[in-house]
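Student: I would like to see how this sequence folds:
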Amino acid sequence: MTYPGGKRRIDRVLAEGFLERVHEVSLDDLRTMRDEAEQEETDLSYIRRLLQGRLDIMRAEQKRREGGPDAPSLIDLLPGILADEAGPQVPHGLGRHATVEPSRADMHRRHVEALVADVDISDPFSHSDESLAHVITVLERQEAEVSSNRRAVQTVMDRCQDEITRRYRDGDANVDALLPSESG
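Tutor: Reported below is the predicted structural model:
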């Protein structure tokens, strides 16, 4: 099955015509479309979390600086930052059950590093207050873009899953075909 658009999976999944024939494609092709969207959503979730982790560290440094000379060091704060102790006021997902692992994790990590290459996040202490604010702005913008793409991909996943469900509910697909056949 070929889709109009770019060569990357996200380009295919978010291409204008990807869902155009969702009611006409075979059940196998529909599952393939859903699985492709699911993998892209997993990868985007991974990238988003990488960005959020870096953003959490930079925001903690910014807040630490506001605490004055008696504020704890960023190193002392790091276990709490990495443990995601921000609590429920900072949602990091929609509660979907992930059934696949991120593909190409090293590539995604490098991608995030390239996204923020113009801002050095490896040494938060080297930034002036203005530079730190700029880094946070860049990370927030990138995280918002990834989140927007992730929501769009989730919509594609949902549309595919809704069509699969409809086919079973309406009798257009047979649940017996999913069960192993008994021989003998």
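Student: find the nearest non-adjacent residue to the most centrally placed residue in the chain, please.
Tutor: The centroid of the chain falls nearest to residue 45 when counting by Cα atoms, centre = their mean (1.9 Å). Counting by Cβ to Cβ, 6 or more residues apart in numbering, residue 45 lies nearest to residue 150, which is 6.3 Å off, once chain neighbours are set aside. Quick note: C-beta positions are derived from backbone N, CA and C, even for glycine.
Student: following the helix or strand containing the residue nearest to the centre of the chain, which helix or strand shows up next?
Tutor: Element membership for residue 45 (DSSP states H and E) is helix 27-66. Remark: after helix 27-66, the chain's next helix or strand is helix 74-82, criterion DSSP H and E.
Student: please identify the buried residues of that following helix?
Tutor: Using 16 or more other Cβ atoms under 10 Å as the test for burial, helix 74-82 gives 74, 77, 81.
Student: hey, C-alpha coordinates of it in PDB?
Tutor: The C-alpha coordinates for helix 74-82 follow below in PDB (Å, rounded to 0.1, in the frame of the first residue of the first chain):
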ATOM      1  CA  LEU A  74      20.600  21.700  40.500                       C
ATOM      2  CA  ILE A  75      22.500  18.400  41.200                       C
ATOM      3  CA  ASP A  76      20.600  18.100  44.500                       C
ATOM      4  CA  LEU A  77      17.300  18.800  42.700                       C
ATOM      5  CA  LEU A  78      18.000  16.300  39.900                       C
ATOM      6  CA  PRO A  79      16.700  13.100  41.600                       C
ATOM      7  CA  GLY A  80      13.300  14.900  42.100                       C
ATOM      8  CA  ILE A  81      13.300  16.200  38.600                       C
ATOM      9  CA  LEU A  82      14.100  12.800  37.100                       C
END
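Student: can you give the contact residues for it?
Tutor: Residues outside helix 74-82 that contact it (Cβ atoms under 8 Å, 6 or more residues apart in numbering) are 53, 56-57, 60-61, 64, 124-125.
Student: closest to residue 100 out of those residues?
Tutor: The shortest approach to residue 100 among the contacts of helix 74-82 belongs to residue 53, at 20.7 Å (Cβ to Cβ).
Student: ok, that closest one - how many residues close by?
Tutor: The number of residues packed near residue 53 is 16, by other Cβ atoms under 10 Å.
Student: residues contacting it?
Tutor: By Cβ under 8 Å, 6+ apart, the contact list for residue 53 reads residue 82.
Student: and it, how far is that from residue 128?
Tutor: For residue 53, the distance to residue 128 equals 23 Å [Cβ to Cβ, to the nearest Å].
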